[in-house]
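A.B. asks: fold the following for me, if possible:
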Amino acid sequence: MAKVSLDPSPLLYPTPAVLVAALVDERPNCMTAAWCGIASSSPPAITVGIRPERHTYRGIRQQGTFSINVPSVNLARKVDFAGIYSGRKEDKSELFEYSYGKTDSAPIVTACGLNLICRLKHTLSLGSHDLIVGEVVEILAEESCLTNGAVDAAKLDPLVYSAGAGVYQGLGEIVGRAFSIGKKKHMV
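C.D. replies: Numbers count the residues shown, from 1 in each chain. Reported below is the predicted structural model:
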């Protein structure tokens, strides 16, 4: 199979399209981020790459807390809006309904089926973006997104971003059970 050389970029698939929310000057604000991932299981930690000039970044630094909110496909238009417009110029406190978990300094987007409330642990300057590391201190999930007490990706219907094509997509079909389909008995 022939390979084509592409210019270096952070091209990784899929990338989640999440809403990062923080209080900025005592007002809820959110931004869209696709550069978000898991950093640690114990303690549970999430990373997100954010440009330091972003309005939400300022709120994360002010409060020391933030939330990662996983929107469903039906929120794509609002998610795109949250990524296009800065909270410095557009009041995004009315874009979504916000609420709070155990902490009153990290707003969550209630329309999202999954919310991870984080305490800022580290920042690392990497060039155009800073890597924000947050320890997950609380998770809130809509009951309708659970199966047997666990988050069900099909029910959550998370929005993903395809960087190369510049489009939002949903998840596809299940292809097999993790930690099972790769076992030797299935490889024959």
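
A.B. asks: run a quick neighbour tally on the closest residue in space to residue 100 that isn't next to it in sequence.
C.D. replies: Of all residues not flanking residue 100 in the chain, residue 107 sits nearest, at 6.2 Å (CB to CB, 6 or more residues apart in numbering). All C-beta atoms are positioned from the backbone trio N, CA, C, and that covers glycine. Other residues near residue 107 come to 30 when the count uses other CB atoms under 10 Å.

A.B. asks: per-residue confidence at residue 107?
C.D. replies: Looking at residue 107, its pLDDT reads 97.

A.B. asks: so it makes contact with residue 19?
C.D. replies: No: using CB atoms under 8 Å as the test, residue 107 is too far from residue 19 to be in contact (10.2 Å).

A.B. asks: so how far is residue 23 from the residue nearest to residue 100?
C.D. replies: Distance of residue 107 to residue 23, computed by CB to CB, to the nearest Å: 6 Å.

A.B. asks: now do residue 184
C.D. replies: Distance from residue 184 to residue 23, by CB to CB: 51 Å.

A.B. asks: again with residue 94
C.D. replies: 15 Å.

A.B. asks: more crowded one of these two?
C.D. replies: Using other CB under 10 Å, the more surrounded residue of residue 94 and residue 23 is residue 23, with 22 against 9.
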